[in-house]
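A.B. asks: This is the structure alone, sequence omitted:
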C-alpha cells in the first residue's frame with residue numbers, strides 16, 4: 001500500500017507487490033513545490049482580481065436593475081397622467097357637443113358645428129383608448145422590471161417631487177470616475193490581465209520541487225526492511241512548439257485591449273454625466289415653460305368656450321383651443337417625466 005501527496009494537496013493511494021522476487025513493497029511519498037519563480041503568487045493574484053471584477057459586475061447589475069425599475073415606474077406615471085388628460089378632453093369635447101347640438105336644434109347654429117364637435121369627440125375617445133392601453137402596457141413592464149409576472153392593480157403617486165441638484169457637474173464626474181462599478185470591474189480585469197502576462201513570462205523559467213519518500217519492503221507482509229529518499233527536482237521545458245511565445249502574445253494583446261476599453265469607458269462616463277446635466281437643465285426649463293403654456297391654453301379655452309356659449313364665437317375656435325390645451329398638459333407631463341429620467345440617469349451615471 002502506498003500514499004502519495006503532491007505540492008498541490010492531491011492525495012494518492014497505491015499498492016505494489018512483486019511476486020517475481022517474492023517481495024512486498026509499501027511506500028509513502030511527499031512532493032512539495034519549492035520555487036517556481038513567482039508563478040503561484042501570480043495565479044493567486046489573478047484569482048483575487050477576477051473575484052473583485054465579479055463583485056463589481058454584480059454591483060453594476062444591481063444598479064442597472066434599480067434604474068430599470070425606476071424608469072418603468074415613471075413610464076407608468078407618464079401613461080397615467082396622459083390618460084387623465086385624455087379623460088378630461090373627452091369630458092370637455094362631450095360638453096361642447098352638447099352645446100352645439102342644443103344650438104342646432106333651436107336653429108342658432110349650423111349642422112357643421114355638430115359634425116365638427118362629433119369628430120372632435122370621436123378623436124378624443126380614440127386618444128383615450130390609446131392612453132388606456134399605454135397604461136396597461138406600462139404596468140406590465142413595471143411588474144416585469146420588479147420580477148413579477150402579475151400583481152394586483154395598484155395606484156402610484158401622481159404628484160412627483162422635483163429633486164434639486166446638490167452638486168456641480170465637475171464633482172459628479174469625479175464621483176462617477178471613482179464609484180462606477182463597471183469601471184471598477186474593468187480595472188480589476190486589467191490587473192488580472194497584467195498578472196496573466198507576468199505569469200506567461202515566468203513560464204519560461206524552471207520550477208523546483210522537493211521530494212521525500214519512505215518505504216517498507218520484505219519477502220512477506222512483515223515488512224522487516226526500510227528505505228527512504230530525499231530529492232530535489234527541476235522541471236524545464238526545452239521546446240514546446242512556440243506555445244509559450246504565442247500564449248504570451250495573446251495575453252499582451254488582451255491587456256492592450258483592456259487598456260483601450262478603459263479609456264473608452266472613462267470617456268463614456270464623462271459623457272453620461274454631462275448629458276444628464278444637460279437633460280436636467282433643459283427639462284427643468286421646460287417644466288416652467290409648460291406651466292405657463294397650461295395657464296395660457298386654459299384661459300384661451302375658457303374664452304373660446306364662453307364665446308361659443310354666448311353665440312359670439314365659432315366651433316372651430318373651441319376645438320382648436322381644446323387641442324392646444326391638451327397639448328400643453330401633455331407637454332408638461334412629458335417635461336416632468338424627462339426631468340425624473342434625467343435625474344435617475346445621473347444617479348446611474350455616478351454609480352449610485
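C.D. replies: Sure, I can see it. Fair warning: this is a prediction, and the values are worked out from it, not measured in the lab.

A.B. asks: ok, the residue nearest the centre of the chain - contacts?
C.D. replies: Among the residues of the chain, residue 64 comes closest to the average C-alpha position under Cα atoms, centre = their mean, at 2.7 Å. Contact partners of residue 64, counting by Cβ atoms under 8 Å, 6 or more residues apart in numbering, are residue 348. For the C-beta atoms, the positions are set from N, CA and C on the backbone; glycine is no exception.

A.B. asks: separation between it and residue 58?
C.D. replies: 11 Å (Cβ to Cβ, to the nearest Å).

A.B. asks: Helices of the stretch 251-352 of the chain, start to end?
C.D. replies: Assigned by DSSP state H, counting those that start in this stretch, the helices in the stretch 251-352 of the chain fall at 315-349.

A.B. asks: Residue ranges in it under the pLDDT threshold?
C.D. replies: For the stretch 251-352 of the chain, applying pLDDT under 70 flags no range at all.

A.B. asks: rerun that using 80 as the cut-off
C.D. replies: Along the stretch 251-352 of the chain, segments meeting pLDDT under 80 span 313.

A.B. asks: cool, and the stretch 101-250 of the chain?
C.D. replies: The model of the stretch 101-250 of the chain has pLDDT under 80 over residues 103-104, 108-109, 153-167, 207, 215-228, 231, 233-241, 243.

A.B. asks: mind redoing it with 90?
C.D. replies: Along the stretch 101-250 of the chain, the parts satisfying pLDDT under 90 run over 101-118, 120-121, 147-170, 172, 198-249.

A.B. asks: in it, which spans are strands?
C.D. replies: Secondary structure of the stretch 101-250 of the chain (DSSP state E, counting those that start in this stretch): strands located at 207-218, 225-235.

A.B. asks: May I see these organised as CSV, with distance to residue 315 and mean neighbour count added?
C.D. replies: Output for the strands of the stretch 101-250 of the chain, formatted as CSV (distance: least, Cβ to Cβ, whole Å; neighbours: other Cβ atoms under 10 Å):
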stretch, distance to residue 315, mean neighbour count
strand 207-218, 94, 16
strand 225-235, 97, 10
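
A.B. asks: And residue 30, which helix or strand is it part of?
C.D. replies: strand 23-35 (DSSP states H and E).

A.B. asks: That strand vs strand 225-235, what angle?
C.D. replies: 30 degrees (axes from the mean of the first three to the mean of the last three Cα atoms, to 10 degrees).

A.B. asks: What residues of strand 23-35 count as buried?
C.D. replies: Residues of strand 23-35 classed as buried under the neighbour-count rule (16 or more other Cβ atoms under 10 Å) are 24, 25, 26, 27, 29, 31.

A.B. asks: Direction included, what does it pair up with?
C.D. replies: strand 2-5 (parallel), strand 16-18 (antiparallel), strand 207-218 (antiparallel) (DSSP bridges).

A.B. asks: Throw the buried residues of strand 23-35 into CSV and include pLDDT and distance to residue 149, thanks.
C.D. replies: As requested, the buried residues of strand 23-35 are exported to CSV (pLDDT from 0 to 100; distance: Cβ to Cβ, whole Å):
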residue, pLDDT, distance to residue 149
24, 71, 69
25, 75, 67
26, 75, 64
27, 77, 63
29, 83, 60
31, 82, 56
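
A.B. asks: Including distance to residue 145, could these go into JSON lines?
C.D. replies: Shown next, in JSON lines, are those (distance: Cβ to Cβ, whole Å):
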{"residue": "24", "distance to residue 145": "71"}
{"residue": "25", "distance to residue 145": "69"}
{"residue": "26", "distance to residue 145": "66"}
{"residue": "27", "distance to residue 145": "64"}
{"residue": "29", "distance to residue 145": "60"}
{"residue": "31", "distance to residue 145": "55"}
